[in-house]
Structure formats: C-alpha cells, structure tokens
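>>> Structure, please.
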Amino acid sequence: MSGPGAGNPKRPFGPPLRSASAGTAHEDGRLNAPHPREAGPGRAGRPDGDRLPLPLRRTPQQRRSVERVERILDAAVDLLVEEGYQAATTTRIAGRAGVGLATLYSFFADRRAVYRAASVRNLDAFLDRLDRLLSGARFDHWWEAAAAGFDEYVRMSRAEPGFRALRFGDVADDRLLAGGRRNDEVVVERIVHLVVRHFGAEPDERMRTSLLVAVAAVDALVRLAFELDPERGDPAVLAEARQVAQGILARGAGA
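Numbering: from 1, shown residues only. A predicted model of the protein is given here:
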C-alpha cells in the first residue's frame with residue numbers, strides 16, 4: 001500500500017468507479033480498464049471479483065460523467081467532515097459538487113446510496129494499499145501482517161479527514177456496504193480474500209471470528225483515539241489498539 005496517488009489533493013485515495021453491472025472506467029469513460037488515478041507501477045493487483053460494486057443507477061459512460069460522480073462523492077465526504085451526516089442533504093451535496101440535483105439522482109437513488117458509494121471507495125482504497133503491502137513485504141504467517149495493516153489504516157486516517165470521518169460507512173449506517181450485512185462483516189470477508197490469495201491459508205470459522213473481533217475492536221479504539229486527538233489520534237490509545245489487534249489474531253490462529 002504505497003503512498004497517495006494523484007488526483008484531488010483533498011482526497012488522495014481514488015479507487016475506480018464501478019457499478020453492479022460494470023467494471024472500471026477508461027480515461028474516455030469506457031469500462032473494464034483501470035481508472036486513471038490507479039495507473040502506474042504502484043497500482044494494486046486485486047481482481048475485480050474482490051471489489052464491491054458501487055450502487056449506481058447507471059454506469060457513467062464518458063469521462064465527464066465519471067468526473068461528475070467523483071465530484072458528488074467528494075462533495076458528500078467534504079460536507080460530512082464539515083457539518084455532519086444530517087446536514088449533508090442531496091440538495092447540498094449536488095450544489096457542493098457543482099451538478100444539478102437531477103444529475104445526482106440520475107446516478108444515485110438517495111443520500112444513503114451516495115454515502116454507500118463513498119464508503120465502498122474507502123474500503124477499496126484501504127484494501128488496495130493492504131494488497132500492495134502484502135505483496136511487498138514478507139510475513140511468515142497471515143496474522144503477523146496485523147500490525148502493518150493497522151499502521152496503514154492509521155496513516156490513511158491521519159492523511160485524509162474524509163476517510164477518518166466516514167471510514168467504512170458506520171457514520172451513516174452500520175449495515176451500509178452490502179446487502180444488509182454488518183459493515184465489519186463485509187470488511188472481514190474482503191480481508192479473508194487477501195489472506196487466502198497472499199498466504200494460501202484455508203479460511204475457517206476461527207479465522208473469520210478472530211478477524212471480526214479484531215476489526216470491531218480496532219474500529220472502536222481508532223475512533224476513540226481520533227476523538228481525543230482529532231489530527232493525529234491519541235498515541236497511547238493507538239498503541240493499545242495495535243497490540244489488541246495483534247493479540248486477537250495471534251490467539252485466533254493458535255500462535
């Protein structure tokens with residue numbers, strides 16, 4: 001998970017746009033190729049099957065439509081940071097993005113869909129970085145990567161207020177990401193995909209349970225750390241959270 005890519009300086013993370021019926025977008029808007037912000041040697045190699053679809057009513061077919069959707073997501077996150085979820089109405093999101101309300105509704109059913117898409121984008125950004133980290137470092141066992149994954153999550157939280165505020169959607173709904181399932185269950189499912197691909201581990205109920213407990217604990221403790229120190233996160237709380245995650249996963253793996 002290398003450093004931030006090019007693009008909007010307020011949002012250094014930018015996975016490609018996808019809908020439930022399509023892949024990524026070309027520079028000219030065509031589908032099934034990496035988004036320009038993912039181009040280059042640092043781009044992650046996660047297969048499309050590991051990625052959640054965005055809840056788009058229609059897939060943007062032209063570059064300008066892709067950019068409109070990106071602006072809508074950026075505007076929604078900016079309003080969340082500045083004024084909170086309740087203040088971020090679809091009218092205000094559209095105005096902040098510089099698009100008509102009809103344009104917003106042509107892509108998204110409602111405010112919840114906008115924030116679901118932004119949360120999926122955050123999750124993809126984190127998992128892409130975790131994928132690159134696992135590709136570039138050597139760990140003898142999958143649970144040994146817990147500390148490195150935690151450090152990356154904290155780095156992203158420090159670098160981007162929008163990521164820190166939205167995370168993976170709980171600020172809007174704890175069942176936002178996919179199909180009415182808990183967000184942390186969806187996150188764990190995607191992490192399991194990475195563990196299997198990089199370590200060849202056989203996923204079992206013990207692995208899933210330990211990952212679920214670790215993800216839930218880290219989310220709560222990192223949230224507390226940034227409530228105590230909004231810019232950097234309280235270092236003592238973050239240190240405890242890191243150790244908690246390592247301990248949970250090591251015990252779950254029988255280490």
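>>> and residue 108, what is it in contact with?
Residue 108 makes contact with 55-57, 72, 90, 114, 117 under the criterion Cβ atoms under 8 Å, 6 or more residues apart in numbering. The C-beta positions use only the backbone N, C-alpha and C, and glycine is treated the same way.
>>> try 7 Å this time
Residues near residue 108 by Cβ atoms under 7 Å, 6 or more residues apart in numbering: 57, 114, 117.
>>> Leaving out sequence neighbours, find the closest residue to residue 186.
residue 177 (4.3 Å; Cβ to Cβ, 6 or more residues apart in numbering).
>>> any low-confidence regions in the stretch 1-150 of the chain?
The stretch 1-150 of the chain contains residues with pLDDT under 70 at 1-45.
>>> Isn't residue 56 up against residue 106?
No - counting by Cβ atoms under 7 Å, residue 56 does not reach residue 106; the two are 9.5 Å apart.
>>> follow-up on the earlier one: I only care about the contacts of residue 108 that end up buried; give me the PyMOL line for that.
With 16 or more other Cβ atoms under 10 Å as the burial test, the buried ones among the contacts of residue 108 are selected in PyMOL as follows:
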select buried, resi 114+117
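>>> Which ones among the contacts of residue 108 lie within helices?
Per DSSP state H, helices hold the following members of these: 114, 117.
>>> chain center to stretch 90-102, what's the gap?
Distance of stretch 90-102 from the chain centroid (Cα atoms, centre = their mean, to the nearest Å) equals 23 Å.
>>> typo on my end, stretch 189-202
Relative to the centre of its chain, stretch 189-202 is centred 17 Å away, using Cα atoms, centre = their mean.
>>> returning to that earlier point: more crowded one of residue 56 and residue 106?
Using other Cβ atoms under 10 Å as the criterion, residue 56 and residue 106 rank with residue 56 on top: 20 against 16.
>>> can you count the residues close to residue 141?
Other residues lying near residue 141 total 12 when counted by other Cβ under 10 Å.
>>> Surely the residue nearest to residue 186 touches residue 53?
No - look at residue 177 against residue 53 with Cβ under 7 Å: they stay out of range, at 10.8 Å.
>>> more neighbours, the two?
residue 177 (26 against 16).
>>> Might one say that residue 188 is in contact with residue 211?
Yes - the criterion here is Cβ under 7 Å, and residue 188 meets it with residue 211 at 4.6 Å.
>>> who has more neighbours, those two?
Shown here are residue 188 and residue 211; by other Cβ under 10 Å, residue 211 has more neighbours (26 against 22).
>>> Dump the C-alpha coordinates for the host helix or strand of that one into CSV.
Here residue 211 is covered by helix 205-228, with elements defined by DSSP states H and E. The C-alpha coordinates for helix 205-228 follow below in CSV (Å, rounded to 0.1, in the frame of the first residue of the first chain):
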residue,chain,number,x,y,z
GLU,A,205,-14.8,-20.0,11.3
ARG,A,206,-12.0,-19.4,13.7
MET,A,207,-10.1,-17.1,11.3
ARG,A,208,-13.3,-15.2,10.4
THR,A,209,-14.3,-14.8,14.1
SER,A,210,-10.9,-13.5,15.2
LEU,A,211,-10.8,-11.1,12.2
LEU,A,212,-14.3,-9.9,13.0
VAL,A,213,-13.4,-9.2,16.7
ALA,A,214,-10.2,-7.5,15.7
VAL,A,215,-11.9,-5.3,13.1
ALA,A,216,-14.6,-4.3,15.5
ALA,A,217,-12.1,-3.6,18.3
VAL,A,218,-9.8,-1.6,16.0
ASP,A,219,-12.6,0.5,14.6
ALA,A,220,-13.9,1.4,18.1
LEU,A,221,-10.4,2.2,19.5
VAL,A,222,-9.2,4.2,16.5
ARG,A,223,-12.4,6.2,16.6
LEU,A,224,-11.7,6.9,20.3
ALA,A,225,-8.1,7.9,19.5
PHE,A,226,-9.2,10.5,17.0
GLU,A,227,-11.9,11.8,19.3
LEU,A,228,-9.2,12.5,21.8
